[in-house]
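S.K.: Next input, structure requested:
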Amino acid sequence: MRTRLITVVSLLALSAFNATNANANLVTRTTEQSAVTVEATPRTLSGAIWEFELRFTTHSGALADDPAKASTLVTNTGKAYAPIKWEGDGPGGHHRKGVLQFKPVAPRPTSLELRMTRQGEAQPRSFRWTLQDQ
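M.R.: Numbering: from 1, shown residues only. Down below sits the predicted model:
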C-alpha cells in the first residue's frame, strides 16, 4: 500500500513538473505604449479554442478599441489568423480585461506572435511565445 502511494505521489509530482516546464515560455508578456499598458497571457493553446487573456490599463483617456478587430495571431511560418471572439469588458474606462479566442492552428507552430494594432499608435504591439511539445 505504501509503495503504491509513493508511486502515485511521484507520478503526480512528475506530471506537475512537466506541465510547468511545458508552459514555462507561456508567461505574461507586457507592452507599454501611448500611456497604455497591455498584458497578454496564453491561457489555452490546445483543444477546440485557443485563448489569450488580455489586460489593458491606462490613466489617460478611455480604452475604446475592439481587441477582436485590433489583433492577429501570427505563426513562425508567417501565417496570420484573425480572432473569432472577444469575451470581456466593453469599451470605456481605464481598466479592461477579457479573453481573446482563436481557432486552433494546425499543424502546431513552434512559435506564436500576438500582434495588436491600436488606433493612434505608430507600430503594432507584439507579444511572442515559443511553444514546446506538450
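
S.K.: Poorly predicted segments of this structure, please.
M.R.: 1-25, 133-134 (pLDDT under 70).

S.K.: What segments of it are helices?
M.R.: Secondary structure of the chain (DSSP state H): helices at 2-22, 67-70.

S.K.: what separates residue 48 from residue 106, distance-wise?
M.R.: The spacing between residue 48 and residue 106, counted by C-beta to C-beta, to the nearest Å, is 12 Å. Every residue, glycine included, has its C-beta placed from N, CA and C.

S.K.: scratch that, residue 121
M.R.: 32 Å.

S.K.: try residue 50
M.R.: Here the criterion is C-beta to C-beta. By it, residue 50 lies 11 Å from residue 106.

S.K.: of those two, who's got more company?
M.R.: For residue 50 versus residue 106, neighbours defined as other C-beta atoms under 10 Å are more numerous around residue 50 (21 against 6).

S.K.: quick one, what contacts the closest residue to that one other than its chain neighbours?
M.R.: Spatial nearest neighbour of residue 50, chain neighbours left out: residue 102 (4.5 Å); criterion: C-beta to C-beta, 6 or more residues apart in numbering. Residue 102 sits next to 49-52, 73, 81-84 when contact means C-beta atoms under 8 Å, 6 or more residues apart in numbering.

S.K.: now do 7 Å
M.R.: Listed by C-beta atoms under 7 Å, 6 or more residues apart in numbering, the contact set of residue 102 reads 50, 73, 81, 83-84.

S.K.: Over to residue 98?
M.R.: 54, 67, 86-89.

S.K.: Show the residue spans covered by the strands in the chain.
M.R.: Taking DSSP state E, the strands of the chain run over residues 29-33, 36-44, 50-58, 71-75, 80-81, 85-88, 95-102, 111-116, 125-130.

S.K.: Now do the last one: distance to the chain's middle.
M.R.: So the one you mean is strand 125-130. Averaging C-alpha positions (C-alpha atoms, centre = their mean, to the nearest Å) puts strand 125-130 9 Å from its chain's average.
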